[in-house]
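Enquirer: how would this look folded up:
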Amino acid sequence: MPGFTKTRREFLKASAAAAVLAGGGAFPALAASDPARIALVVGNNAYPFAPLGNAINDAKAVSDLLVRAGFNVTLRTDVTGDVFRQSANVFAENARKSEAKFVFFYYAGHGTQMDWHNYFVPVDANVTSASDLPQQCFDLSLLLNDLSRTKDKVFVIILDACRDNPFGATYRTSQKGLSQFDAPVGSLLAFSTAPGSVASDGIGANSLYTENLVRELSTKGARLEDSLKRVRLSVRLASRGAQVPWESTSLETDVFLFPTGEKLSEAQLEEQFQRELDTWNRIKGSKEPDDWVAYLRDYPSGRFTEIAQTRLSFLLTRLEEAAAAAAAPPVVAVAVKEPEAMAGALAAAVEVSHGAGTAAPLPEPSSAAIVETRFDLEIRAGLPVPVLMHPLENPLSGGTYVLNRRYSVGDEALFDNWDLVYGQKQKPLQFRVTRVDEDADRVELNDGLFVLDCMGNLIKWLGGQTFDPRRQVVPAELQLGKRWATRYHDTKGGAQWDVVLNYKVVRREKISVPAGEFDAFRLEGDGWNVSQAPLSSEPLWSAQRGRLTVRHWVVPGFNFALKTEFLTSVLAGSDSGVRRELVSCRQRRWSVA
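Expert: From the prediction side, this is the model:
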């Protein structure tokens, strides 16, 4: 789309319209009622102080959808506090029965939070003070506690409950929207907007969120998580970024409202990946937001989805900045004398990657490329250890954070290297950023000896090892339970490995490294690599297959992992691995997460 000149507002509006059209199609036929599937759907409109127009329509639309999917649905509208509690108790009792396997709860109406608890507002609630909330409103944690007593079930809870001003003029809560909480094991939680934010009731028959929700969940053969990602994208675009749905998941299997019953063969899965790879190769250098929107709709859980989300956000921000700059008065440029470049020798490095070790000297970066010497963050011996993330206040959640890496020329980090199998210390490894091109999504370290994208995903290592496509090892957002996948070719010398890894953010924990003790998210990847026979004449290559275990400890806004571990278990050989731990760093652009 050459000559793209839309403002961000115009782009979001146009893309939202296209997304709605793209998601159309006939609803699946009505399914027979399945005793394993039960649902409670609640919609409240008739609030005396702050009435809503669409909540009952939303509840009816979701109820109809679930009936089509074979659920035994209990629909309740304009419920009082007593009816709400009674309905929830019966629902939880039915969920505990052995035949119930897929348990679905949906609520549309007013909701609010206090002391990290989320409350649904019955139509007869008369809240005039904070003490009235737990007495007159329904605490979601009561339902969650009941459901958590059962095992081997799938729980889905969807809340379109963040409308603004739930009590009119009688009472104003101190916090907007709902409080974040992490999904219990085997469950998925979905909010119509981000925790602490409010959502639109909509100007049509349904709210913006539920309109998109019903359309996407109606798609036959679509994974529930994929459908919700498409909902998130569509709502974000339609609201011009004002409303961004949020999910937390701890599902351990794929869940479908309308399963096809078909299982793709390995050949079909490979063909599917090749189509995605062709799309990626076509758009990976694109500066057009439409290309990234189309990719995210086609591949909501693809091998490059985290990169695509970050890239789309970057391009939309650039549109917004360009529009603001066009409206601002001209700025007079002033010449500034460049400060002296930083000097210092770089240490030698050793890296063990997928069973192969390489040692190489690291040349000094060009001093002419380093012109920025002011650092917002510096970690080294003799300095107080900084706080990289604020301590958690919410006891029910580890929080959600944008990755927010921002590389600048001159950023540097020094790491200790260890052989992970034998425990031997190797020579240290030092990185220094020598070139940044955000438009091209490219960061060069040590004069191009290492190349990353702007998320920190590796493209080239030690000059000769390449990753094509790049390794997607960090997510766009850090949040407990977050899952994503990556697949790439790792090429070094005359050998090439096909690598597949499935990642998850498993916990938030304290981590000790030579640089100090820090609060970080722990990312774990598990997968395999297979050597590609055409690049080697040795028969062993065709049979060599390795199991990969990868761990990263990451802090939002910090450009380097605090600690990284790679372990390869080769079926035709011995284990090998490397551990890197941060010793010191300097980063020019940084703020506490």
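Enquirer: ok, N45 touching K60?
Expert: No: N45 is not in contact with K60 according to CB atoms under 8 Å; the separation is 11.1 Å. Placement of C-beta: from N, CA and C, glycine included.
Enquirer: Going by how many neighbours each has, rank those two and give me the top one.
Expert: N45 (20 against 17; other CB atoms under 10 Å).
Enquirer: rewinding a little: now the common contact residues for N45 and K60.
Expert: T77 (CB atoms under 8 Å, 6 or more residues apart in numbering).
Enquirer: what residue ranges in the chain are flagged as low confidence?
Expert: 1-31, 163-175, 200-202, 330-373, 532-544, 571-574 (pLDDT under 70).
Enquirer: Can you give me the buried ones in the lengthiest helix in it?
Expert: As assigned by DSSP state H, the longest helix anywhere in the chain is helix 305-327. Within helix 305-327, the residues that count as buried by 16 or more other CB atoms under 10 Å are 305-316, 319.
Enquirer: How is the closest residue to V244 other than its chain neighbours assigned, secondary-structure-wise?
Expert: Counting by CB to CB, 6 or more residues apart in numbering, V244 lies nearest to R236, which is 4.9 Å off, once chain neighbours are set aside. Put simply, R236 is helix when judged by DSSP: H, G, I helix; E, B strand; the rest coil.
Enquirer: R236 touches Q243, doesn't it?
Expert: Yes: look at R236 against Q243 with CB under 8 Å: they come within range, at 7.1 Å.
Enquirer: What about R406, how many residues nearby?
Expert: So R406, with other CB under 10 Å, has 18 neighbours.
Enquirer: Now do the same contact list for S87.
Expert: S87 is in contact with L40, V42, T74, R76, V79, counting by CB under 8 Å, 6+ apart.
Enquirer: and if we set it to 6 Å?
Expert: R76 (CB atoms under 6 Å, 6 or more residues apart in numbering).
Enquirer: how deep is the residue nearest to V244 tucked in, by neighbour count?
Expert: Neighbours around R236, by other CB under 10 Å: 23.
Enquirer: Can you verify my assumption that it contacts P245?
Expert: No: contact between R236 and P245 fails when scored by CB atoms under 6 Å: they sit 7.7 Å apart.
Enquirer: next one: stretch 463-482 to chain centre, how far?
Expert: Relative to its chain's centre, stretch 463-482 lies at 12 Å (CA atoms, centre = their mean, to the nearest Å).
Enquirer: returning to what we had before: what about the residue nearest to V244, distance to W246?
Expert: From R236 across to W246, the span is 11 Å (CB to CB, to the nearest Å).
Enquirer: Next: R579.
Expert: 34 Å.
Enquirer: related to what we said a few turns ago, with distance to L388 added, can I get the buried residues of helix 305-327 in CSV?
Expert: Shown next, in CSV, are the buried residues of helix 305-327 (distance: CB to CB, whole Å):
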residue, distance to L388
T305, 26
E306, 21
I307, 23
A308, 27
Q309, 23
T310, 20
R311, 25
L312, 26
S313, 22
F314, 23
L315, 28
L316, 27
L319, 30
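Enquirer: Per the annotation, how does the protein divide into domains?
Expert: 31-252, 349-587 (automatic domain parsing).
Enquirer: Which residue ranges of the stretch 201-350 of the chain form helices?
Expert: 208-217, 224-238, 266-283, 289-298, 305-327 (DSSP state H, counting those that start in this stretch).
Enquirer: same thing with the chain?
Expert: Counting by DSSP H, the helices of the chain are 8-22, 55-68, 81-95, 132-136, 140-148, 208-217, 224-238, 266-283, 289-298, 305-327, 539-543.
Enquirer: mind giving me TSV with these and columns for distance to S591?
Expert: Converted to TSV, the helices of the chain look like this (distance: least, CB to CB, whole Å):
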stretch	distance to S591
helix 8-22	23
helix 55-68	38
helix 81-95	42
helix 132-136	34
helix 140-148	32
helix 208-217	31
helix 224-238	24
helix 266-283	31
helix 289-298	26
helix 305-327	17
helix 539-543	47
